[in-house]
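Peer 1: Show me how the following folds:
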Amino acid sequence: MSSVSEGRFPSSSVPSITRVPRRTTLPTGDGVRIEAVYTPCTAGSGAVGGDGPAGTAIVLAHGFTGSVDRPAVLRAAEVFAQRAAVITFSFRGHGKSGGRSTVGDREVLDLAAAVGWARSLGHRRIVTVGFSMGGSVVLRHAALYTAPEAGESVDEESGTAGAERVDRRTGAHKAHGERAEAHTGAHTDVVVSVSAPARWYYRGTAPMRRLHWVVTRPAGRLVGRYGFRTRIHREDWNPVPLSPVEAVPLITAPLLIVHGDRDPYFPVDHPRMLAGAAGDGAELWLEHGMGHAENAADEKLLNRIADWTDSA
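Peer 2: Okay, the predicted model is just below:
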């Protein structure tokens, strides 16, 4: 599995004002087409792109083996839609999206396409909320896609602003914590990462050892395809993408890290490592009795996250 250059976000043919749930297909920077669903804010206050709740769009990034139609994703979308418009999408290799899963590498391009779609619909404030694999993707996305700085000119041909400050192919940042290259329309304003790993190749728990078998072995990939309806790429990462803990110091947007103290996949040293790397740039919630990702995020927690994003 290898990282690729993002390029310019292709414009969407979807109308800029929409009032009803809408399903579409979005092209990513490397040509994969992903399914996405737009759900307007159910609060009914304000026009799309206005100052009320409709001015914000929340983009949800599901965990490995999830999709837009999974009950836990639908539940989260329903809760968040009470505050803002919501975009859900299926990562590559999941649901009805094309391509094959790279388990967190090229998925950054899928999230960028969804964020770009939200902005093309008129939303001026974007919140990205990711669970498990999606939690690692929102962190890397926030590090690699940043808003143009004041007075910074934008290259209309490439869709970038300023000089390149990160290797877009490897995802490796340069010294002194310099920010990533800015891409217009694809950056987020607020980031929430739930149940995310801090580092790659973690095998310290039985569920993660099983997951590595599914991802790395031919028989495991068959189980993933027919048992979990997830098509997985055969190739190893080459090069290894920026890890979540390396990405966190590059994030300039408000950041919330949420993790359960009974997470069977990643113990609490993972969120603590992420929060430590962020310094004062992140808030950490360790949730008593919570398990893993969107399946363990109940309505009460989702509402608390929504409250936090409103005030971030």
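Peer 1: for Leu60, what are its contacts?
Peer 2: By CB atoms under 8 Å, 6 or more residues apart in numbering, the residues touching Leu60 are Val73, Ala76, Ala77, Phe80, Val86, Ile87, Thr88, Phe89, Val129, Gly130, Phe131, Gly134. The C-beta positions use only the backbone N, C-alpha and C, and glycine is treated the same way.
Peer 1: so the fourth one makes contact with Trp308?
Peer 2: No. Here Phe80 lies out of contact with Trp308, judged by CB atoms under 8 Å, at a distance of 11.8 Å.
Peer 1: more neighbours, the two?
Peer 2: Set Phe80 next to Trp308 and count neighbours by other CB atoms under 10 Å: Phe80 wins out with 27 against 17.
Peer 1: mind listing what the more buried one touches?
Peer 2: Taking CB under 8 Å, 6+ apart, we find Phe80 in contact with Ile58, Leu60, Val86, Val129, Leu302, Ala306.
Peer 1: close enough to count as contact, the fifth one and Ala76?
Peer 2: Yes. With contacts counted by CB under 8 Å, Leu302 reaches Ala76, the gap being 5.7 Å.
Peer 1: Ala84 reaches Ile58, doesn't it?
Peer 2: Yes. Counting by CB under 8 Å, Ala84 does reach Ile58; the two are 5.0 Å apart.
Peer 1: For the two, work out which one has more neighbours and name it.
Peer 2: Legend: neighbour count by other CB under 10 Å for Ala84 and Ile58, higher for Ile58 (29 against 25).
Peer 1: Which strand or helix spans the more buried one?
Peer 2: Following DSSP states H and E, one finds Ile58 within strand 56-61.
Peer 1: Just the angle for whichever helix or strand comes after that strand relative to strand 56-61, thanks.
Peer 2: Next in sequence after strand 56-61, counting helices and strands by DSSP H and E, comes helix 71-80. Angle, helix 71-80 to strand 56-61, by axes from the mean of the first three to the mean of the last three CA atoms, to 10 degrees: 170 degrees.
Peer 1: List the buried residues for helix 71-80?
Peer 2: Neighbour counts over helix 71-80 (16 or more other CB atoms under 10 Å) mark Ala72, Val73, Leu74, Arg75, Ala76, Ala77, Val79, Phe80 as buried.
Peer 1: The closest residue to Arg83 other than its chain neighbours - how many residues pack around it?
Peer 2: In space, Arg83 comes closest to Ala306 once its chain neighbours are excluded; the distance is 4.7 Å by CB to CB, 6 or more residues apart in numbering. Neighbours of Ala306 under the rule other CB under 10 Å: 20.
Peer 1: From what I see, Ala306 and Gln82 are in contact.
Peer 2: Yes. Under the criterion of CB under 8 Å, Ala306 makes contact with Gln82 at 7.4 Å.
Peer 1: Who are the packing partners of the one helix or strand Thr25 maps to?
Peer 2: Using DSSP H and E, Thr25 sits in strand 22-27. For strand 22-27, the packing partners by 3 or more CB pairs under 8 Å, 6 or more residues apart in numbering; DSSP states H and E come out as strand 33-39, helix 107-120.
Peer 1: Out of the ones you listed, the one nearest Leu274 is which?
Peer 2: Shortest distance between Leu274 and the helices and strands packed on strand 22-27, using CB to CB, is found for helix 107-120: 16.9 Å.
Peer 1: List the contacts of the residue lying closest to Ile34 once chain neighbours are set aside.
Peer 2: Distances taken as CB to CB, 6+ apart place Ser97 nearest to Ile34, at 4.0 Å, with adjacent residues excluded. Counting by CB under 8 Å, 6+ apart, Ser97 touches Val32, Arg33, Ile34, Glu35, Ser67, Phe89, Ser90, Phe91, Asp110.
Peer 1: And Asp110, by the same measure?
Peer 2: Thr28, Val32, Ile34, Phe89, Phe91, Arg92, Ser97, Val137.
Peer 1: Select from those the one having the most neighbours.
Peer 2: Neighbour-wise, those (other CB under 10 Å) top out at Phe91, 33 neighbours.
Peer 1: Please tell me I have it right and that residue contacts His62.
Peer 2: Yes. Taking CB under 8 Å as the definition, Phe91 is a contact partner of His62 at 6.8 Å.
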